[in-house]
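In: Below are the sequence and a predicted model; questions follow.
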Amino acid sequence: VIDIKSMPELPEVETIARDLRKKIKGEVITSFWSDWKKGIRGGYVDFARGVKGRKILDIGRFGKNLMLWLSGGRVMLVHLRMTGKLILRRAMPGAKRDKHVHHIFYFRSGKILEFSDVRKFGSLELRRSQASAQGSLKNLGTDVLSDGFTLEKFDDILNGSKAKIKQLLMDQRKMAGLGNIYASEILFRAGISPLRKAHSLTRSERKKTHQAIKDILKKAVEMRGTSISDYRDASGRRGAFQRVLAVYGRAGKSCSHCGTIISREVIGQRGTFFCKSCQK
Ligand SMILES: [Zn+2]
């Protein structure tokens, strides 16, 4: 049984950001439409007025959030949360809109960018400056794919924690980007039980886990993320990392390394998958 409560994590958002950078950098937003105004932080009117006529200068990511740098110093934050998706297409007059599409950006080129969100947890936000955008993200810890996420930084985070390692890896306030899928895969790669207290990891275990974070994420970005339930990239394509998942979603199947049956336990309300023989 696949745990479908998965959401876009760092590799999926990174894939979307890279695609969008290729496809919509330089586009000018001519108008914005929404049927779900509660999903716009700071209010619909200011947002619609604020993005109109702005050029998209660049697209990036922080943690699981997309950042779009617009002309005039504005920064748009896109929080996809559980089921948010961005779909780029050519506008087709008279075409019926999918009922899950709640926001649409219209570009001067004739293309449109749709924000579809089945569960409506996602949101949009427009900030007046880079400093203000950073203020909005100030509760997030170091991005785990950034150069700032060093072994020393990871060490500090572990030392200051009483949580189980699996929960700590997913705590966005401590380190930004990891969710349920990759936290399970990282701990398998590092050979660490998800039930261990974070601060109890030895020096060599810390090193292994830090390396596993970098390796697994790099591989997942190369494979364009994991598509388990809902995730599609900006072209509607699925990622491929689900093909190489070692433990996530594999409860009851045998471990590829030792043959032991993969366990599933609930830690912090999230299904956690691991091999009791390989992970200590
Ligand atoms: Zn095993």
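Out: On my side now, so go ahead. Residues are numbered from 1 along each chain as shown.
In: Could you use CA atoms for every contact and neighbour count after this?
Out: Will do.
In: list the contacts for the nearest residue to Gly179 once chain neighbours are set aside?
Out: Closest residue to Gly179 apart from its sequence neighbours, by CA to CA, 6 or more residues apart in numbering: Met170 at 5.2 Å. Neighbour list for Met170: 176-180, 183 [criterion: CA atoms under 8 Å, 6 or more residues apart in numbering].
In: quick one: pLDDT of the residue nearest to Ile192 when sequence neighbours are not counted?
Out: Sequence neighbours aside, Gln279 is the residue nearest to Ile192 in space, at 4.5 Å (criterion: CA to CA, 6+ apart). The per-residue pLDDT reported for Gln279 equals 98.
In: how about the helices in the chain?
Out: 10-24, 44-51, 130-136, 151-159, 165-170, 180-190, 203-222 (DSSP state H).
In: right, so of those helices, which gets closest to Val144?
Out: Evaluated over these, closeness to Val144 peaks at helix 203-222, with 7.6 Å, by CA to CA.
In: which residues sit against that closest one?
Out: In contact with helix 203-222 (CA under 8 Å, 6+ apart) are residues 10-12, 14-15, 144-145, 151, 154-155, 182, 185-187, 189-190, 192, 226, 241.
In: among these, which ones are buried?
Out: Neighbour counting with 16 or more other CA atoms under 10 Å marks 10-12, 14-15, 144-145, 154-155, 182, 185-187, 189-190, 192, 226, 241 as buried within these.
In: List the contacts of Met270.
Out: Careful, residue 270 is Arg; it's not Met. Asn180.
In: starting at the chain centroid, how far to stretch 192-200?
Out: 24 Å (CA atoms, centre = their mean, to the nearest Å).
In: Compute the first-to-last residue distance for that stretch.
Out: Stretch 192-200 has its terminal residues 11 Å apart, counting by CA to CA, to the nearest Å.
In: So it, near the ion or not?
Out: No. Using CA under 5 Å from the ion, stretch 192-200 never reaches the ion; the gap is at least 11.2 Å.
In: try stretch 255-267
Out: Yes. Using CA under 5 Å from the ion, stretch 255-267 reaches the ion at 255, 257-258.
In: Pull the residues that contact that stretch.
Out: 166-167, 195, 246-247, 250-254, 271-278.
In: In the protein, what helix or strand scores lowest on average pLDDT?
Out: strand 84-90 (a mean of 88; mean pLDDT, DSSP states H and E).
In: Send me that one as PDB with only the CA atoms.
Out: Extracted in PDB, the C-alpha atoms of strand 84-90 (Å, rounded to 0.1, in the frame of the first residue of the first chain):
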ATOM      1  CA  GLY A  84      -0.300  22.400  -5.600                       C
ATOM      2  CA  LYS A  85       0.800  22.100  -9.200                       C
ATOM      3  CA  LEU A  86       1.800  24.600 -11.800                       C
ATOM      4  CA  ILE A  87       0.900  24.000 -15.400                       C
ATOM      5  CA  LEU A  88       2.200  26.000 -18.300                       C
ATOM      6  CA  ARG A  89       0.100  26.000 -21.500                       C
ATOM      7  CA  ARG A  90      -1.000  28.000 -24.400                       C
END
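In: and the angle from it to helix 10-24?
Out: Taking axes from the mean of the first three to the mean of the last three CA atoms, to 10 degrees, one finds strand 84-90 and helix 10-24 inclined to each other by 20 degrees.
In: Find the closest residue to the ion in the stretch 51-200 of the chain.
Out: Of all residues in the stretch 51-200 of the chain, the one sitting closest to the ion is Phe188 (8.4 Å; CA to the ion).
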